[in-house]
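*Asks:* any chance you could fold what I've pasted below:
(2 chains)
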Amino acid sequence: MSVDQKTIKTLARLSRLEFSDEEIEKFAPEFEEIIDFANRINEQVSGDTESIREVVTRTVGWEDLREDEVKESLPNEKITSNVQAENGYFPVRRVVK
Amino acid sequence: MKSVISALSAKLQSGEWSSLYLTEKYIKEIERRNPKLNAYVHLTFDEARKNAEAADVMISEGRATPLTGIPFTLKDNIATDGLLTTCCSKILQGLKPYYNATVWQKLKAQGAVLLGKTNMDEFAMGSTSETSYFGAPLNPVDTTRVTGGSSGGGAAAVCANLAAYALGSDTGGSIRQPASFCGVVGFKPTYGAVSRYGLLAYGSSLDQIGPITSSVTDAALVYDAIRGDDKADGTSCPTPDGKTVLRGDVKNLKIGVAKEYFEGISPEIKGAIDNMIAEYERAGAQIVEVSIPALKLALPVYYIIACAEASSNLGRYDGIRYGYRAKNYTSVDDMITKTRTQGFGKEVKKRIMLGTYVLSSGYFDAYYKKACLLRKTVESQMAEAFEKCDVLFAPTAPNTAFKQGYSGGNAVETYLSDVCTVPVNIAGLPAISIPCGVDKNGMPVGMQIIGKKFSDALVLDTAYYAERENLSLCADVEGGVKL
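*Replies:* Now for the predicted structure:
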């Protein structure tokens, strides 16, 4: 299975990661090797692997849900304690013009 | 093996030592030995002294539990309010969480003493602890070798007597495999038996917190102290009331041996495990051959599911609310991309990319969905095996601790070292790794005892037989706090 550079660039963009052309060149064969490894799920094994068709979905009934109660949340100062907060907000560069 | 926790606790209860005295002994040893071993990445000695003082009050007031006043460590991916928790990643540089993980809350209430946070593979992604941003910990048994991973620092700390016990996390073997490499005990409880609240997520459907200790008795004591239902973790479940009783009763116990677990295992390891099985048989256990053909699918299924979950879980690290933020950027999107590119290590990036790939349209059905179906197959074939036996015996790893630098080689070859441990995570089962002799280089061999869901007590009790009969001996390393 070959993974071309374009696919890697697309995946990187989706993952919010950057790779230089040089890094991609190095990364491509490694990534291909891992995809080959993932392809081992197509190996045949004895025993029943096909009849289990219901996808793992868990349906939760309304009665399983907890009451929607208002509870105390963490104070703003604590939540923002890991950044240089500005007026209780997380500072980022302007996103609207 | 003997219970370090019980022995220390007896000294504290009798008033021979205070918890503060014991804590200072550990601190001194950590200061002396940790610069070389690199087991701890963040030291919390101020917290430890505060915890010890509180524990001494509890003891004097007659409110002590088995863990009161006993110094221990947490893996660096378990949240501690106001204390560094960085997953050994640059991207979480300087992060001090604002809440406590449930396990730490529970232990703190019982008077436990937190010495520090231990080294691990970055975001728990690895089998040698070498992907840590802080550099690898060294195996105390032979410092030219790796500790295993990802909870390598915790295993090294317990092995070197630099903590009475450690809490690690196990997504694909990260408690059991380092325990086996360092010659100590590592217990991964049933998925849901211990709350994951405050465990920084890697693969949420696989992650489980558990103890690394120097005896099965200690593993049971710590397990009892941290288990149980938690409202803050929707996947947690109630566990039986009362303490886990260890009798070591193995007469008529049905021990399953699946040949698939022994394919590609070094003859030395197979021999050590065969010997242990023979000891159990002599004690009256019945050996049953079982077959689990889907085991060979477990490893690729694991990597697909774990990486898919990781790519989603690690999406939150954007540099906005905590941790590292890139310096020069042109927009918010650029800031996020640069932060992640500079903040994540190579292995983490690789797994995020694989996870994104198997979840992307066009590949979702072929990989992620198929892996979920095959996960069910592994689970049901293991359940079928447990219709014929009570527990399974298997190797913990196909090899003993390798030399440092091995994981720099072929990625897939490194992944293969998890072949014996991942099926348990895939199926959500409890499993313990106990020491089972040494290889020709004197490196510890580990054996797994696996049970069906919520048979944690039976798994511990089965392992206890080997401890009681001195068949399972932990590595004896010089230095540290010894009795």
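*Asks:* how about residue B:65, secondary structure?
*Replies:* The three-state label given to residue B:65 by DSSP: H, G, I helix; E, B strand; the rest coil is coil.
*Asks:* leaving out chain neighbours, which residue sits closest to it?
*Replies:* Using C-beta to C-beta, 6 or more residues apart in numbering or on different chains and skipping residues adjacent in sequence, the residue nearest residue B:65 is residue B:110, 4.5 Å away. The way it works is simple: take the backbone N, C-alpha and C, and place the C-beta from them, glycine included.
*Asks:* now chain A, which segments are flagged as low pLDDT?
*Replies:* Within chain A, the stretches falling below the threshold (pLDDT under 70) are A:1-2, A:45-61.
*Asks:* can you list the buried residues in the helix or strand containing residue A:33?
*Replies:* Residue A:33 belongs to helix A:21-38 when elements are defined using DSSP states H and E. Residues of helix A:21-38 classed as buried by neighbour count (16 or more other C-beta atoms under 10 Å in any protein chain shown): A:27, A:28, A:31, A:33, A:34, A:35, A:37, A:38.
*Asks:* what do you get for stretch B:152-161?
*Replies:* Buried positions in stretch B:152-161, judged by neighbour count with 16+ other C-beta under 10 Å: B:152, B:153, B:154, B:155, B:156, B:157, B:158, B:159, B:160, B:161.
*Asks:* try stretch B:359-367
*Replies:* Applying 16+ other C-beta under 10 Å to stretch B:359-367 flags B:359, B:360, B:363, B:367 as buried.
*Asks:* touching chain A at all, it?
*Replies:* Yes - contact of stretch B:359-367 with chain A (C-beta under 8 Å from any C-beta of the partner chain) involves B:360, B:367.
*Asks:* roughly how far is that stretch from the heart of the chain?
*Replies:* From the chain centre to the centre of stretch B:359-367 is a distance of 31 Å (C-alpha atoms, centre = their mean, to the nearest Å).
*Asks:* what about the residue nearest to residue B:65, distance to residue B:430?
*Replies:* Noted for residue B:110: a distance of 22 Å to residue B:430, by C-beta to C-beta, to the nearest Å.
*Asks:* compare these two (neighbour count), which wins?
*Replies:* Per other C-beta atoms under 10 Å in any protein chain shown, whichever of residue B:110 and residue B:430 has more neighbours is residue B:430, with 27 against 19.
*Asks:* check chain A for the residue nearest chain B and tell me.
*Replies:* Closest contact between chain A and chain B, by C-beta to the nearest C-beta, is at residue A:82 (3.7 Å).
*Asks:* now that residue: closest residue in space that isn't a chain neighbour?
*Replies:* residue B:322 (3.7 Å).
*Asks:* before we move on, what about residue B:404?
*Replies:* Once flanking residues are discounted, residue B:404 sits nearest to residue B:146: 5.7 Å by C-beta to C-beta, 6+ apart.
*Asks:* my guess is that neighbour contacts residue B:132, does it?
*Replies:* No - using C-beta atoms under 8 Å, residue B:146 is not in contact with residue B:132, being 11.1 Å away.
*Asks:* mutual contacts of these two, please.
*Replies:* Applying C-beta atoms under 8 Å, 6 or more residues apart in numbering or on different chains, one finds that residue B:146 and residue B:132 are jointly contacted by residue B:152.
*Asks:* any low-confidence regions in the stretch 1-150 of chain B?
*Replies:* Across the stretch 1-150 of chain B, the ranges flagged by pLDDT under 70 are B:1.
*Asks:* up against chain A, what does it have?
*Replies:* When proximity is defined by C-beta under 8 Å from any C-beta, the stretch 1-150 of chain B lies next to chain A at B:94, B:95, B:96, B:98, B:99.
*Asks:* so which of those is the most crowded?
*Replies:* residue B:95 leads the residues of the stretch 1-150 of chain B next to chain A on contacts (other C-beta under 10 Å) with 20 neighbours.
*Asks:* thought residue B:321 was touching that one, still the case?
*Replies:* No - shown here, residue B:95 and residue B:321 do not form a contact pair, counting by C-beta under 8 Å, at 9.6 Å.
*Asks:* sorry, back to before: list phi and psi for the residue of chain A closest to chain B.
*Replies:* phi -100, psi 0 (degrees, to the nearest 10).
*Asks:* list the contacts for it?
*Replies:* Residue A:82 neighbours (C-beta under 8 Å, 6+ apart): B:94, B:95, B:96, B:98, B:321, B:322, B:323.
*Asks:* next up, the contacts around the residue nearest to residue B:434 when sequence neighbours are not counted.
*Replies:* Among residues not flanking residue B:434 along the chain, residue B:472 sits closest, at 4.6 Å (C-beta to C-beta, 6+ apart). Shown in contact with residue B:472 (C-beta under 8 Å, 6+ apart): B:1, B:216, B:276, B:434, B:435, B:436, B:447, B:463, B:466.
*Asks:* again, only using 6 Å
*Replies:* When contacts are counted by C-beta atoms under 6 Å, 6 or more residues apart in numbering or on different chains, residue B:472 touches B:434, B:435, B:466.
*Asks:* on the pLDDT front, check it for me.
*Replies:* On the pLDDT scale, residue B:472 is placed at 93.
*Asks:* right, is the helix or strand hosting residue A:11 up against chain B?
*Replies:* Secondary structure from DSSP H and E places residue A:11 in helix A:5-14. Yes - using C-beta under 6 Å from any C-beta of the partner chain, helix A:5-14 reaches chain B at A:11, A:14.
*Asks:* that helix: which residues count as buried?
*Replies:* Residues of helix A:5-14 classed as buried: A:7, A:8, A:11, A:12 (neighbour count, 16+ other C-beta under 10 Å).
*Asks:* compute the distance between the closest residue to residue B:81 other than its chain neighbours and residue B:348, please.
*Replies:* Once flanking residues are discounted, residue B:81 sits nearest to residue B:100: 4.7 Å by C-beta to C-beta, 6+ apart. Remark: distance between residue B:100 and residue B:348 (C-beta to C-beta) = 25 Å.
*Asks:* what of residue B:338?
*Replies:* 16 Å.
*Asks:* mind checking which of those two has more residues around it?
*Replies:* residue B:348 (28 against 20).
*Asks:* check the secondary structure at residue B:446 for me.
*Replies:* strand.
*Asks:* give me the neighbour count for the closest residue in space to it that isn't next to it in sequence.
*Replies:* In space, and not counting its chain neighbours, residue B:446 is closest to residue B:180: 2.3 Å by C-beta to C-beta, 6+ apart. Using other C-beta under 10 Å, residue B:180 has 33 other residues around it.
*Asks:* swap in the one 4 residues further on?
*Replies:* By the other C-beta under 10 Å criterion, the neighbourhood of residue B:184 contains 34 residues.
*Asks:* that one: what's it in contact with?
*Replies:* Residue B:184 touches B:155, B:158, B:159, B:214, B:474, counting by C-beta under 6 Å, 6+ apart.
*Asks:* how much space separates the second one from chain A?
*Replies:* Translated: residue B:158. Distance, residue B:158 to chain A, by C-beta to the nearest C-beta, to the nearest Å: 30 Å.
*Asks:* same question for the first one.
*Replies:* When distances are taken as C-beta to the nearest C-beta, residue B:155 and chain A turn out to be 26 Å apart.
*Asks:* please, which helix or strand holds that residue?
*Replies:* With secondary structure defined by DSSP H and E, residue B:155 is part of helix B:152-159.
*Asks:* look up phi and psi at the residue in the stretch 51-200 of chain B that chain A sits nearest to.
*Replies:* For the stretch 51-200 of chain B and chain A, the shortest gap (C-beta to the nearest C-beta) falls at residue B:98, measuring 4.1 Å. Torsion angles at residue B:98 (phi, psi; degrees, to the nearest 10) stand at phi -110, psi 20.
*Asks:* tally of neighbours for the closest residue to it other than its chain neighbours?
*Replies:* In space, residue B:98 comes closest to residue A:78 once its chain neighbours are excluded; the distance is 4.1 Å by C-beta to C-beta, 6+ apart. Residue A:78 has 14 neighbouring residues, counting by other C-beta under 10 Å.
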